[in-house]
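1. What shape does this take:
(chains A and B)
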Amino acid sequence: MKESREQLENLLRCFYDEDQAVQAASDMEAAESLLAADSPLPRPEVLVHIKQSLRQRAIALSRKRQFYRHILTAAAACLAAAIGLWNIHLRFESPVALQKKIVQDFFADDAVLSISSSLDDISEQIYTGSSAEKEDSWANEVGNEIEEMVLIAQADFWKG
Amino acid sequence: MSEQPEIAELLDECKRGNPDALGRLVELYAARCYGYFYRLTGNREVSEELLSELYMRLLEKIRSFEGGSFEKWLFTIASNLFRDRLRKQYRQKRLLEEKTRIAEIESEPEREIDSALSDRLQQGLTRLDAETAELIVLRFYGDFSFKELSEMRSEPIGTTLSKVHRGLKKLKEWMEQPDERKQRTT
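-> The predicted structure is shown next:
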């Protein structure tokens, strides 16, 4: 909002002395009254055309906004569905993982373990048993030979 | 003053895309905005084109208007439009048209006195530098105070005041000079 004459003079006094401020305010008012004396107006048909264009543009904009709103709604629905599916995936195990677990559980069963450990025992016994027998026969053989040599040596000694 | 609540309601309706409210906005401000463009361009057709562009831009931007002075906001858009236009293509064209128009005026001595006054005013504004002319026209058609003008131009109030004062003084002097054309006809 433009200043009143008094406000304008007060403002001009900040930059000019008293007389100059009054004179400047008068000059400005006079020049502005020249502008006021002749104000061109737009042709009425132009205004009608602008209003029609605005109406059409407003409708087009409204449709565009509605279209974007629909897209956004669809995108939000997709996102919600994706989040839901992800939650389901986290809560329930996948069939492959489930199958894997069943197989693991089956092989980790106590019965299998006990069979497995029994088999281990048996194989250990077989292995350790045979090796002990082997060691035994070898020791006997050596012992016999030594005993035989001792007897021969004794007989030779007594013979002179 | 009592127009403010009405304007606020009108703007709310415009934000909702109500075509009748937009039409009302055209009725309220078209004359002032047209005067602003016409005084700066001196060309009826270009001014009408700019006025139409202004309202289209207003429709696109109306949702971003967050209160404050609507007139200041509107004339800032108008000013930007005019500057864009000037920058892109208008300056040279205007000079050419102005020369042609002056030649036409000189060859038409039987024109009306009021029209002659209008033409001289227009010539006077054209003779001023573009920035000063715009400030004068903004002050008159936008009804802006010097404080608002200086804020719009981001310059000290003293600078704006000085530019407008000097410009208006020159304009008044030119207008008070005897009309050479009239003298020739008598």
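2. Stretch B:26-44 vs chain A: in contact?
-> Yes. Counting by C-beta under 8 Å from any C-beta of the partner chain, chain A is contacted by stretch B:26-44 at B:26-27, B:30-31, B:34-35, B:38-39, B:44. Backbone N, C-alpha and C define where each C-beta goes, glycine included.
3. Tally up the residues packed near residue B:13, please.
-> Neighbours of residue B:13 under the rule other C-beta atoms under 10 Å in any protein chain shown: 16.
4. Any regions of chain B where pLDDT drops low?
-> Low-confidence segments of chain B, defined by pLDDT under 70: B:1-5, B:89-118, B:178-186.
5. now the helices: where do they sit in it?
-> Along chain B, the segments classed as helices by DSSP state H run B:3-15, B:19-41, B:44-61, B:70-85, B:91-106, B:113-127, B:130-142, B:146-153, B:157-176, B:180-185.
6. Format those helices as JSON lines; extra columns: distance to residue A:44.
-> Putting those into JSON lines (distance: least, C-beta to C-beta, whole Å) gives the following:
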{"stretch": "helix B:3-15", "distance to residue A:44": "21"}
{"stretch": "helix B:19-41", "distance to residue A:44": "10"}
{"stretch": "helix B:44-61", "distance to residue A:44": "12"}
{"stretch": "helix B:70-85", "distance to residue A:44": "21"}
{"stretch": "helix B:91-106", "distance to residue A:44": "24"}
{"stretch": "helix B:113-127", "distance to residue A:44": "19"}
{"stretch": "helix B:130-142", "distance to residue A:44": "19"}
{"stretch": "helix B:146-153", "distance to residue A:44": "31"}
{"stretch": "helix B:157-176", "distance to residue A:44": "29"}
{"stretch": "helix B:180-185", "distance to residue A:44": "31"}
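7. Now for the residue nearest the centre of chain B: which residues touch it?
-> Centroid check for chain B by C-alpha atoms, centre = their mean gives residue B:36 as the closest residue, at 1.4 Å. Applying C-beta atoms under 8 Å, 6 or more residues apart in numbering or on different chains, we find residue B:36 in contact with B:75, B:78, B:82, B:137-138, B:141-142.
8. Find the residue closest to it in space, skipping its chain neighbours.
-> residue B:141 (4.1 Å; C-beta to C-beta, 6 or more residues apart in numbering or on different chains).
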